[in-house]
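Novice: any chance you could fold what I've pasted below:
(chains A and B)
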Number of protein chains: 2
Amino acid sequence: MSQKVTPWEVKGNVDYDRLIKEFGVSKIDKKILTRIQKHSKTLHPFLRRGIFFAHRDLTFILDEFEKGNKFFLYTGRSPSGNVHIGHMIPWIFTKWLQDVFNVELYFQFPDEEKYLFKNNLSWEDSQKYLHENMLDVIAVGFDPKKTHFIIDTKHANLLYPEAVKVAKKITFSTIKAAFGLKEDSNIGQIFYTAMQAVPAFLPSVLKKKEIPCLIPHAIDQDGHFRVSRDVLPKLGHYKPASIQCRFLPGLGGMHADGKMSASEENTAIYMIDDPATVKKKINKYAFSGGQATVEEHRKKGGNPEVDVAYQWLMFFEKDDKRLEKIYQDYKSGKLLSGELKAILIEKLNVFLAEHQKKREKAKKQIDSFILKA
Amino acid sequence: MSQKVTPWEVKGNVDYDRLIKEFGVSKIDKKILTRIQKHSKTLHPFLRRGIFFAHRDLTFILDEFEKGNKFFLYTGRSPSGNVHIGHMIPWIFTKWLQDVFNVELYFQFPDEEKYLFKNNLSWEDSQKYLHENMLDVIAVGFDPKKTHFIIDTKHANLLYPEAVKVAKKITFSTIKAAFGLKEDSNIGQIFYTAMQAVPAFLPSVLKKKEIPCLIPHAIDQDGHFRVSRDVLPKLGHYKPASIQCRFLPGLGGMHADGKMSASEENTAIYMIDDPATVKKKINKYAFSGGQATVEEHRKKGGNPEVDVAYQWLMFFEKDDKRLEKIYQDYKSGKLLSGELKAILIEKLNVFLAEHQKKREKAKKQIDSFILKA
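Specialist: This next block holds a predicted model:
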């Protein structure tokens, strides 16, 4: 099955090894994991399990860090709907990086992007989701003293003049090749990547010295940073480094929903879903790697490689030994599909309850996170 | 000779009747002049002499005005070099409109435009000229209480969110057709027209009610407003109306310099030129419609239609009778080329001295003109 991975569309069963070659990113190998571990004592499960699997220039970031030249983190969220558990993956990891390296984070909310790319998204809805999504990001637990929200339409005085400098170096031909935009694309879509490039060097502009930038993000955003890595050195800035994760599959399974989609309700678990909804969605929709009957399952065992409940536990069960036991029990047929789903439901509902508590508190914290311009 | 008239290039001896047809604007006729005169008592020389020669929807503006629904004026200056006497034409007329109709003026300084369109213009120079050009605009004498400068990079918080809404309605194909931009155009150039569209409805957004907009401008900017007239009604705004002037020719004459160019020093008189420079440039470079020798001139007479000194006096000599006498004397051979140039030099140097005095005062007035955001 053919795959398509752009910032605005992910189709097909994603072959990550192929993406490494196509995009020209580097695989995260043992050597680089050992270097990270020097600073973090233990490795985050997303690193141990290859969920963050690729990078660009991470060695440069570590070299500079070890010389005493701290980097900053940059990631973002384009508001267009409710946040789901798939969105959380890069943010959870970004928080870990912030804690381990004790660095600043610039978090961009490009509140015009999805408005420009979705015909049916109104300006008002885009602004509503901006507010809602900020609550979810704050609930991740970022350090409010070291975390700065950049909102494209509210920080345009800072962003637009810098975006213009980026834009002067990018032709429509480049945009066509990098993102597949066409003659009938709107001119806001065509310009947009220049706005996404800015936070990768804005702190350097604001602090009047060049600071290395590390961008944790899902692999579909790579196109933006491929382009900006070409342009930023021409403006006297470092090439931004990046570290990339694979997608949390949708409920339909990796073959159907390579990336969880926020717009298809039955493939996603939202951060505001209640326990009963989570239970119902997983029991009803989560693609199972189990056999058709209990008897057959006991005999042949399940297939954790395609089972959504197991795949999700790879993201959400931190304990390696417990995860290994689940894997073996499911594969041997000892653990039934329904039992595996029950483990996941329990795990997710604890996670969501905790998140929803922090999300409630976040309502009073928004102002302290927004970058003072 | 073929003509080319776009916002960024004017080539050839401009045929204004052809432009009226090509651009689809309406000629300013007696009927509409009579309507304007109802409000202004006398007509500005630029109207009497067909320098402002075309319009779009000016009758709508007058209809609304007569119903008590005041319009606002919008024009602008894209900083890229020193202001020359050609730039002043639409501004002088805009001031007259402001005085006659007692209306607000929004004056845009798109300080990114020329930076995006000129390879050799640095960001720093663009910002330097922004400051210098504001002084010249203030010196025109606009009412500081009713005049609001909009600077693209300083008011991006106001402009960019609205430009995004405009941009969503414009495809690259439209931009190609309207401006001749190409695949190798940069993405800032492609987006730019959306920024130029915003001041035509920003006052309506700020005041939360729809206000008609009248844009006085040189005809080469028409492409921008053709596009924005298509888009604005889709966003719930009026189509902006416009009134268009022909170009002041460069010193080389209409056949060579259909539009005075700021970047070719020997074709332009700058607002900061001193009297000796003006005298030298006009005597040395102004294309003459006179004959080769005094004897021949006395016998055959000069040709005011191609003579730059006479053509410029059509813009700068307000007294119709005096202008008519100059015309007849030159045509009959009574007035020599050198004498005609001397009249122009005297006229321009008085105008420039007055401007330079006001320009000096303007240095303390900039802040009061900049739109409070």
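Novice: show me what from the stretch 1-150 of chain A comes close to chain B.
Specialist: Contact residues (Cβ under 8 Å from any Cβ of the partner chain) of the stretch 1-150 of chain A with chain B: A:Glu112, A:Tyr115, A:Leu116, A:Trp123. C-beta: built from backbone N, CA, C; applies to glycine.
Novice: got JSON lines for those residues, with neighbour count and pLDDT too?
Specialist: Listed next are the residues of the stretch 1-150 of chain A next to chain B as JSON lines, based on neighbours: other Cβ atoms under 10 Å in any protein chain shown; pLDDT from 0 to 100:
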{"residue": "A:Glu112", "neighbour count": "27", "pLDDT": "98"}
{"residue": "A:Tyr115", "neighbour count": "27", "pLDDT": "97"}
{"residue": "A:Leu116", "neighbour count": "24", "pLDDT": "98"}
{"residue": "A:Trp123", "neighbour count": "17", "pLDDT": "96"}
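Novice: widest-spaced pair of those residues?
Specialist: Using Cβ to Cβ, the pair of these lying farthest apart is A:Leu116 and A:Trp123, separated by 10.6 Å.
Novice: ok so, going back, got the residues of the stretch 1-150 of chain A next to chain B as TSV, with distance to A:Leu73 columns?
Specialist: Shown next, in TSV, are the residues of the stretch 1-150 of chain A next to chain B (distance: Cβ to Cβ, whole Å):
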residue	distance to A:Leu73
A:Glu112	23
A:Tyr115	26
A:Leu116	25
A:Trp123	29
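Novice: need the contact partners of the helix or strand containing A:Leu313.
Specialist: Using DSSP states H and E, A:Leu313 falls within helix A:308-316. Applying Cβ atoms under 8 Å, 6 or more residues apart in numbering or on different chains, the external contacts of helix A:308-316 come out as A:46, A:49, A:51, A:85, A:89, A:248-254, A:282, A:286-289, A:302, A:304, A:323, A:326-327, A:330, A:337, A:340-341, A:343-344, A:347-348, A:351.
Novice: out of the residues of the stretch 1-150 of chain A next to chain B, which comes closest to A:Asp367?
Specialist: A:Glu112 (21.5 Å).
Novice: pop the domain breakdown of chain A in here.
Specialist: A:4-251, A:269-360 (automatic domain parsing).
Novice: closest one to B:Asn13 among these?
Specialist: Shortest distance between B:Asn13 and the domains of chain A, using Cβ to Cβ, is found for domain A:4-251: 32.5 Å.
Novice: what's the span of that closest one, first residue to last?
Specialist: 19 Å (Cα to Cα, to the nearest Å).
Novice: same question, stretch A:143-155
Specialist: End-to-end distance for stretch A:143-155: 21 Å, by Cα to Cα.
Novice: determine how far it lies from the middle of the whole chain.
Specialist: Stretch A:143-155 sits 17 Å away from the centroid of its parent chain (Cα atoms, centre = their mean, to the nearest Å).
Novice: in that stretch, what's buried?
Specialist: A:Thr147, A:His148, A:Phe149, A:Ile150, A:Ile151, A:Asp152, A:Thr153, A:Lys154, A:His155 (16 or more other Cβ atoms under 10 Å in any protein chain shown).
Novice: quick one: contacts of it?
Specialist: By Cβ under 8 Å, 6+ apart, stretch A:143-155 touches A:98-99, A:102-113, A:130, A:134, A:137-138, A:158-159, A:195, A:199, A:202, A:365, A:368-371, A:373, B:157, B:160-161, B:164.
Novice: now with 7 Å, please.
Specialist: Outside stretch A:143-155, the residues that touch it by Cβ atoms under 7 Å, 6 or more residues apart in numbering or on different chains are A:98, A:104-112, A:130, A:134, A:159, A:195, A:199, A:365, A:368-371, A:373, B:157, B:160-161.
Novice: and what of stretch A:50-62?
Specialist: Identification of contacts with stretch A:50-62 by Cβ under 7 Å, 6+ apart yields A:16, A:20, A:25-28, A:32, A:35, A:46, A:71, A:89, A:93, A:212, A:214, A:219, A:239, A:241-246, A:315.
Novice: switch the cut-off to 8 Å
Specialist: A:16, A:19-20, A:23, A:25-28, A:32, A:35-36, A:39, A:44-46, A:71, A:89, A:93, A:212, A:214, A:216, A:219, A:225, A:229, A:239, A:241-246, A:314-315.
Novice: again, but for stretch A:327-340
Specialist: Stretch A:327-340 is contacted by residues A:283, A:288-291, A:294, A:297-304, A:307, A:309-310, A:326 when judged by Cβ under 8 Å, 6+ apart.
Novice: one more time with 10 Å
Specialist: Contacts of stretch A:327-340 with the rest of the structure, by Cβ atoms under 10 Å, 6 or more residues apart in numbering or on different chains, involve A:282-283, A:286, A:288-291, A:294-305, A:307-310, A:313-314, A:325-326, A:342-343.
Novice: among the residues you listed, the buried ones, what's the PyMOL command?
Specialist: Remark: buried members of the contacts of stretch A:327-340, expressed as a PyMOL selection using 16+ other Cβ under 10 Å:
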select buried, chain A and resi 282+286+288+289+290+291+297+301+302+304+307+308+309+310+313+314+326+342+343
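Novice: follow-up on the earlier one: helices - which of the contacts of helix A:308-316 land there?
Specialist: Among these, the members falling in helices (DSSP state H) are A:46, A:85, A:89, A:282, A:323, A:326-327, A:330, A:337, A:340-341, A:343-344, A:347-348, A:351.
Novice: return the member of these nearest to chain B.
Specialist: When the ones in helices among the contacts of helix A:308-316 are compared for distance to chain B (Cβ to the nearest Cβ), A:Ile89 comes out closest, at 28.5 Å.
Novice: quick one, what contacts that closest one?
Specialist: Contacts of A:Ile89 by Cβ under 10 Å, 6+ apart are A:Phe46, A:Ile51, A:Phe52, A:Pro216, A:Ala218, A:Cys245, A:Arg246, A:Phe247, A:Leu248, A:Met260, A:Phe315, A:Phe316.
Novice: about what we covered before: of the contacts of stretch A:143-155, buried ones?
Specialist: Among these, those scoring as buried are A:98, A:104-112, A:130, A:134, A:159, A:195, A:199, A:369, A:371, B:157, B:160-161 (criterion: 16+ other Cβ under 10 Å).
Novice: and A:Met271, what's its pLDDT?
Specialist: As predicted, A:Met271 sits at a pLDDT of 98.
Novice: can you give me the neighbour number for it?
Specialist: 21 (other Cβ atoms under 10 Å in any protein chain shown).
Novice: OK, contacts around it?
Specialist: A:82-85, A:87-88, A:132-133, A:135-136, A:139-140, A:351-352, A:355-356, A:359.
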